[in-house]
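Asks: model the structure of this input:
(one chain, ligands or ions: 1)
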Amino acid sequence: MLEELAGKRGRGTELISVYITPDTDLAKVMQQLRDEQGTASNIKSKSTRKNVLSALERIIQFLRTYMETNRKPPPHGMAIFCGNVAGREDIADVRLYWVEPPEPITIRMYRCDQEFVLEPLREMLRVKETVGLLVMDRREATLATLRGKNVSIVRKLTSAVPGKHSKGGQSARRFERLREIAAHEYAKRVAEAANEVFAGIPDLKAIIVGGPGPTKEDFINSGLLHDQVKRKIGGVLDTGYTDEQGIKELVSKAGDILADLEILKEKSLMRRFMEGLVAKENLVAYGEREIRRALEQGAVELLLISEGLRKHRITIRCEVCGHEFQETVGDPDLHKKQLPARNCPKCGERKLSIVRIQDEVQELLDRAEKFNTRVEFVSTETEEGKQLQTAFKGLGAILRFRPS
Ligand code: ZN
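Replies: Okay, here's the model as predicted:
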């Protein structure tokens with residue numbers, strides 16, 4: 001949807017964006033919009049004025065209807081976008097879009113511009129998983145977390161391992177023994193810190209380990225790390241430093257490592273799907289109709305959706321008998337033009353109209369949530385991902401059981 005909205009341009013500053021926080025008094029928003037109508041009547045350009053006024057009217061109408069059944073904004077607030085998106089002076093195509101975002105809206109905004117203001121919604125979609133970072137050598141270790149673009153140093157440790165040469169009357173063997181004990185003590189402390197810090201992050205995506213020389217590899221293989229922490233290690237690489245500077249080095253490479261991890265994950269999901277296709281149990285489904293049937297029966301364990309899927313789910317209603325049915329289409333506008341020539345499947349009259357248009361991905365996500373189905377998006381950057389998009393029309397499902 002953001003992609004679609006980002007492509008819209010007004011001829012003048014006539015596209016309206018309204019952001020409403022969850023605690024906003026909707027009556028006040030209505031009042032503000034009416035005030036804006038007053039201001040807009042001073043706009044010099046006749047076509048811009050007309051477009052802004054009719055967009056404002058549309059938003060007010062929308063809110064009025066919304067408030068008939070709801071007292072308050074949705075739990076995360078809402079964003080409304082409205083304006084003449086025809087991009088031409090001779091055509092008026094005033095459209096209203098509204099979004100209930102995945103995270104709460106934190107800013108109130110009314111903006112009239114040549115394009116819609118989408119940045120607050122984009123920000124919500126940015127990856128916010130946490131990545132654990134550890135740089136170490138024999139003397140020093142630094143633990144940090146990376147969340148979005150924020151790096152925070154969580155723990156710093158130094159070793160008490162004595163220098164390489166013995167002093168005073170110690171025997172070389174005894175000195176070597178002391179060094180080993182001190183090194184082990186240090187490794188244990190680093191492991192304890194890592195176990196404590198990283199295991200306590202619920203959405204930890206991966207851990208990246210760095211440092212000069214082989215100490216880090218020895219550490220990883222020492223058995224000191226808890227299994228669940230060790231399993232999260234997604235990359236090990238050489239850095240020159242073991243302090244904040246070393247953490248910076250890791251951060252600069254983290255993007256590539258995470259992208260690789262993501263691709264590995266996608267490939268393994270797709271492999272599971274492909275293997276399911278040829279397996280005897282046949283616990284996979286493809287084709288939209290079959291997948292929807294399986295979803296409705298709670299049979300889908302994992303739904304794979306291609307990031308390239310661009311379709312709409314429309315609800316069609318017969319004005320004569322009231323019969324309603326749904327279809328999936330690429331271009332709802334084109335579909336709308338063809339409707340007058342179609343007969344109602346129930347009463348046969350030709351009075352069909354579209355009463356609801358939803359983004360297909362969103363509609364599937366809602367359904368999946370209802371039936372406790374896990375959803376994974378698959379990019380179109382890998383061969384496997386391209387196959388999902390083209391050969392399987394963007395959808396695949398791994399099943400818990402065969403639907404009846
Ligand atoms: Zn009918």
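
Asks: any idea how far R231 lies from the ion?
Replies: According to Cβ to the ion, to the nearest Å, R231 stands 57 Å off from the ion. (C-beta placed from N, C-alpha, C; glycine too.)

Asks: now swap in L250 and tell me
Replies: L250 is 63 Å from the ion, by Cβ to the ion.

Asks: kindly report the same for T242.
Replies: As judged by Cβ to the ion, T242 and the ion stand 73 Å apart.

Asks: pretty sure that residue is touching V135, no?
Replies: Yes - T242 lies in contact with V135 (Cβ atoms under 8 Å); the separation is 4.7 Å.

Asks: now do the shared contacts for these two.
Replies: Taking Cβ atoms under 8 Å, 6 or more residues apart in numbering as the contact rule, T242 and V135 both touch A141, T142, G211.

Asks: assumed the first one was part of a helix.
Replies: Same thing as A141. No - with DSSP: H, G, I helix; E, B strand; the rest coil as the criterion, A141 is strand rather than part of a helix.

Asks: can you name the residues that contact it?
Replies: A141 sits in contact with L134, V135, R155, K156, L157, T158, V190, A193, G211, T242, where contact means Cβ under 8 Å, 6+ apart.

Asks: for the residue in the stretch 101-250 of the chain positioned nearest to the ion, helix, strand, or coil?
Replies: Relative to the ion, the nearest point of the stretch 101-250 of the chain is P101 (36.7 Å; Cβ to the ion). Under the three-state scheme (three-state DSSP), P101 adopts coil.

Asks: and the nearest residue to it once chain neighbours are set aside, helix, strand or coil?
Replies: Take P101 and drop its neighbours on the chain: the residue closest to it by Cβ to Cβ, 6 or more residues apart in numbering is H76, 5.2 Å away. Three-state assignment for H76 (three-state DSSP): coil.

Asks: and H76, how many neighbours?
Replies: Taking other Cβ atoms under 10 Å as the criterion, the count of residues near H76 is 17.

Asks: show me the contacts for it.
Replies: Neighbours of H76 in contact, by Cβ under 8 Å, 6+ apart: P22, E100, P101, P102, E103, P104, I105.

Asks: how about L225?
Replies: Contacts of L225 (Cβ under 8 Å, 6+ apart): A191, A194, N195, F219.

Asks: let's have these in a markdown table, adding neighbour count and distance to the ion.
Replies: Converted to a markdown table, the contacts of L225 look like this (neighbours: other Cβ atoms under 10 Å; distance: Cβ to the ion, whole Å):
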| residue | neighbour count | distance to the ion |
| --- | --- | --- |
| A191 | 20 | 70 |
| A194 | 27 | 66 |
| N195 | 16 | 65 |
| F219 | 22 | 71 |
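
Asks: quick check: the farthest pair among the residues you listed?
Replies: N195 and F219 (12.3 Å; Cβ to Cβ).

Asks: now the helices for the stretch 101-250 of the chain?
Replies: 119-125, 172-199, 215-220, 227-230, 244-278 (DSSP state H, counting those that start in this stretch).

Asks: neighbour count winner among T242 and V135?
Replies: Per other Cβ under 10 Å, whichever of T242 and V135 has more neighbours is V135, with 28 against 25.

Asks: I'd say the more buried one and V251 touch.
Replies: No - look at V135 against V251 with Cβ under 8 Å: they stay out of range, at 10.6 Å.

Asks: for the stretch 201-350 of the chain, what lies in contact range of the ion?
Replies: C318, V320, C321, H323, C344, K346, C347 (Cβ under 5 Å from the ion).
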